[in-house]
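Trainee: Here's my sequence, what's the structure:
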Amino acid sequence: MELSIIIVSWNVRGYLAKCLDSLAESLRAAPLNAEIIVVDSASSDGTPDLLREAYPQVRLLPQSENVGYTRGNNMGLAAAQGEYLLLLNPDTEVQGDALTRMVIYMREHPQVGVLGAHTLNTDGTHQSSRRRFPTLLTALFESTWLQPYAPKRLLDHFYARDVPDTAIAAVDWVQGSVLMLRRAVYAQIGGLDEGYVMFSEEVDFCKRAKLAGWQVVYHGDAYVVHHGGKSTEQVSAAKHIYFQQSKVRYFRKFHGVAAALVLRVFLIFSYLHQLLLEGLKGLLGLERPLRHERVRLYWQVIRALLRERSASL
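Mentor: Now for the predicted structure:
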């Protein structure tokens, strides 16, 4: 088996069907011996029945509970037989010969252990999916309320904006929506770290791959549409909590306890600032239902960050 495509799905039946249709079209003319594995996390939208009836060629691994993104991908990796292993989000659509281009590139560059694709938004515009590893300063600005005030060169470096969208270039990490890895990398460093439920798991994986001597490359000529976050949209509070907990976990793992503590304290005060601001707006009568929902969300994130701190002591 040359290529194993692994998809973890949870209640995104419509998007998954489009993804599988795009894979069938892409593989129809491709000289690739490929398998498709779907790990379904106890979907309640009829996904398993759809796969059995309309996509019998897909290997279905149905679960009795929501196993999460990282654990689900590890189940797929353990079952896969391919020389190249593609982690693919269910809300993606592969364009043209993207899979062939990626596999050929991996064949021709044996030092490359991880390869990412050129992802597009639903409207066809470019979606940034290549990065350099974050520093603590980056983490304090990126994806926080301070991001608009960040030094331009700091975020330009993090987002690898010096790399053209259509280039093929070495980077530090690529987003997990479309991530191809070599079996030899999986055999050497293992799968995704299940300490991350979702978010930052691909940063961690690419970090470990690079520390083991492998290159990570962005392939700007292999296109995949990524509709973006269709599973996590269903659990807004959990999305915020896991995003911030994963960020803290990454810094504790690779930068030490002190860096993680600084980041956690900053995040707690950042969300506290937003909570107080939204609460004040609610008291003034400005869109009270919206303010109430945001206060509730921010308080959940703060509590989760405080619990994580207590658990790590």
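
Trainee: quick check: mean pLDDT across the longest helix along the chain?
Mentor: Ranked by residue count, the top helix of the chain under DSSP state H comes out as helix 257-283. Taken as a whole, helix 257-283 has an average pLDDT of 89.

Trainee: Is Leu115 within a helix or a strand, and which one?
Mentor: strand 112-120 (DSSP states H and E).

Trainee: what ranges do the helices span in the stretch 101-250 of the chain?
Mentor: For the stretch 101-250 of the chain, helices defined by DSSP state H, counting those that start in this stretch occupy the ranges 136-141, 152-158, 183-189, 201-211, 236-255.

Trainee: Next, format these as TSV and append mean neighbour count and distance to Val262.
Mentor: Quick note: C-beta positions are derived from backbone N, CA and C, even for glycine. Below are the helices of the stretch 101-250 of the chain laid out as TSV (neighbours: other CB atoms under 10 Å; distance: least, CB to CB, whole Å):
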stretch	mean neighbour count	distance to Val262
helix 136-141	17	7
helix 152-158	13	17
helix 183-189	15	28
helix 201-211	21	18
helix 236-255	19	8
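
Trainee: Out of those helices, which is closest to His273?
Mentor: With distances scored as CB to CB, the stretch of these nearest to His273 is helix 136-141 (13.4 Å).

Trainee: And the contacts of the closest one?
Mentor: 146-147, 149-150, 154-155, 158, 247, 251, 255, 259, 262-263, 266 (CB atoms under 8 Å, 6 or more residues apart in numbering).

Trainee: Please name the nearest non-neighbouring residue to the residue nearest the centre of the chain.
Mentor: Central residue of the chain (CA atoms, centre = their mean): Gly176, 3.8 Å from the mean position. Of all residues not flanking Gly176 in the chain, Glu202 sits nearest, at 3.6 Å (CB to CB, 6 or more residues apart in numbering).

Trainee: wait, isn't that neighbour in contact with Trp173?
Mentor: Yes - with contact defined as CB atoms under 8 Å, Glu202 reaches Trp173; the gap is 6.1 Å.

Trainee: three-state assignment of the residue nearest to Ala54 when sequence neighbours are not counted?
Mentor: What sits nearest to Ala54 in space, not counting adjacent residues and going by CB to CB, 6+ apart, is Ala17, at 7.3 Å. The three-state label given to Ala17 by DSSP: H, G, I helix; E, B strand; the rest coil is helix.
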